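Asker: Provide a 3D model corresponding to the input given below.
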Amino acid sequence: MSKSLKLYGSVFGGIAVTLTFAINMADRFVAEAPEGLRSLTPLEVAATPAPSGGLVAAAHADEAPKDGPLGIGREALPEEVAAWNLDVSPDGTGLPPGSGSVEDGEMLFSENCASCHGEFAEGSGNWPKLAGGEDTLANKDPVKTVGSYWPHLSTAWDYVHRSMPFGNAQSLEPDEVYAIVAYILYSNFIVDEDFTLSNENFAEVILPNEGGFIVDDRPETEYPQWSGEPCMTDCKDSVEITMRATVLDVTPDHGQDEAAAGPAATDAPAETVEMASADTGTQAAAVATDAAPAAAEPAPAPAPAAADPELVAAGEKVFKKCQSCHAVGDGAKNKSGPELNGIVGRGIGSIDGFRYSKVFEEAHGAGETWTPERLHAFLEKPKDAMKGTKMSFPGLRKAEDIDAVIAYLSTFEE
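Answerer: Residues are numbered from 1 along each chain as shown. Below is the predicted model:
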């Protein structure tokens, strides 16, 4: 019995010492609640208004006056707010002063953006396209770019300014952002090659899909229709199956008349297949049952005269802009675009086994050829010369570069 008393006595004594120490330390380090809040519940404290201005910086609590509801924080300084206030509105509000040209933007884009988005904003791998996508918004997989989807230029400027380049966000100066956005506009054929974007003309740039967005007025027009009590029983006199989900076969079958099943299978539209377009490998629908027979090969054009060696050498350098999609020389094979051996004087859309887009197939069927003049017009503005082409390359700005490339290509025979 005495051993038990000694054992329990030592345990209780240790507990008493521990509690005494804990209470003593708590009294030293727990701060008094601010006057006026000691009688409030936690919910009442949470509901107490913040100081005027609303935005506080808890990191500087040691500098704060103690007149706030919790006695911490202070109003943010103007420069602190400005550091976060980077957004740009559609009307240009928030834009910093500056400007940048398409020409400068091409170089900056190549240095900062092309590794992910391609030299011509055509996209690379899984990184998104920044150009093209016209008339794809109704497709299963629409291409959303400045030229096809976004309604306001501020979306592009704001995103580039705040988030790009990847891994080094906000490293670009405002003038550099203006130039890169100008080049993106040029890649989408929205501005010309001599265009300069600035905070002064920013609001004048109208994107193609500006009218494709509407104000969400559902709270005023639709929500009131759903405010009544829902019908739960006997809501309709009779229920009938009037159509059938023929693809998934999910309509329940109760032996009713099959006349309501919709059109017969023989009335189904012709099956479509996906084919790569002429020059970028993007998809274009073609009716498989209506394929037209291949047209006869046009007669080859006379061989061009020997080109100036200096012009050919210059063209070889310019052709580096094309070789990511096209090949020339011995063993040249089709890439995302067809190989170009013998292109000068060759029939348009005439490479066997390459799936051209519709505009090239039509030119091939009409017996058209790649004359130097036709090539010049195409290389200057592909989308104007061959309307409907999916090639993302926006074109060469300088006529001398175009002549040099044509001279270089003329040295390769089929």
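Asker: least trustworthy helix or strand in the chain by mean pLDDT?
Answerer: Ranked by mean pLDDT, DSSP states H and E, the weakest helix or strand in the chain is strand 283-287, scoring a mean of 37.
Asker: so which helix or strand takes in V88?
Answerer: Following DSSP states H and E, there is no helix or strand that holds V88.
Asker: ugh, wrong one, A363
Answerer: helix 358-365.
Asker: which ones are touching F195?
Answerer: S101, V102, A182, L185, Y186 (C-beta atoms under 8 Å, 6 or more residues apart in numbering). (C-beta placed from N, C-alpha, C; glycine too.)
Asker: same thing but at 6 Å, please
Answerer: Contacts for F195 (C-beta atoms under 6 Å, 6 or more residues apart in numbering) come out as V102, A182.
Asker: Look up the pLDDT of it for me, please.
Answerer: On pLDDT, F195 comes in at 96.
Asker: Quick check: the gap between it and S238.
Answerer: Using C-beta to C-beta, to the nearest Å, we find F195 at a distance of 64 Å from S238.
Asker: And the average pLDDT for stretch 327-339 is what?
Answerer: Mean per-residue pLDDT for stretch 327-339: 84.
Asker: Quick check: buried residues in that stretch?
Answerer: Going by neighbour count (16 or more other C-beta atoms under 10 Å), the buried part of stretch 327-339 is A327, V328, N334, K335, S336, G337, P338, E339.
Asker: and this structure, what are its domains?
Answerer: Per automatic domain parsing, the structural domains of the chain span 32-83, 99-212, 309-409.
Asker: start to end distance for the second one?
Answerer: Okay, so that is domain 99-212. 28 Å (C-alpha to C-alpha, to the nearest Å).
Asker: wait, F120 sits on M391?
Answerer: No. Applying C-beta atoms under 6 Å, one finds F120 not in contact with M391, separated by 9.0 Å.
Asker: Would you mark the buried spots in the helix or strand that contains L108?
Answerer: For L108, the host element (DSSP H and E) is helix 102-112. Within helix 102-112, the residues that count as buried by 16+ other C-beta under 10 Å are V102, E103, D104, G105, E106, L108, F109, N112.
Asker: if we can go back for a sec, in the helix holding A363, which residues are buried?
Answerer: Neighbour-count burial for helix 358-365 [16+ other C-beta under 10 Å]: K358, V359, F360, E361, E362, A363, H364.
Asker: if we can go back for a sec, just so I know, which of the domains of the chain lies nearest P219?
Answerer: Closest approach to P219 among the domains of the chain is made by domain 99-212 (21.2 Å; C-beta to C-beta).
Asker: and stretch 148-163, what's its mean pLDDT?
Answerer: Stretch 148-163 shows a mean pLDDT of 95.
Asker: Give the buried residues for it.
Answerer: Neighbour counts over stretch 148-163 (16+ other C-beta under 10 Å) mark S148, Y149, W150, H152, L153, S154, A156, W157, D158, V160, H161 as buried.
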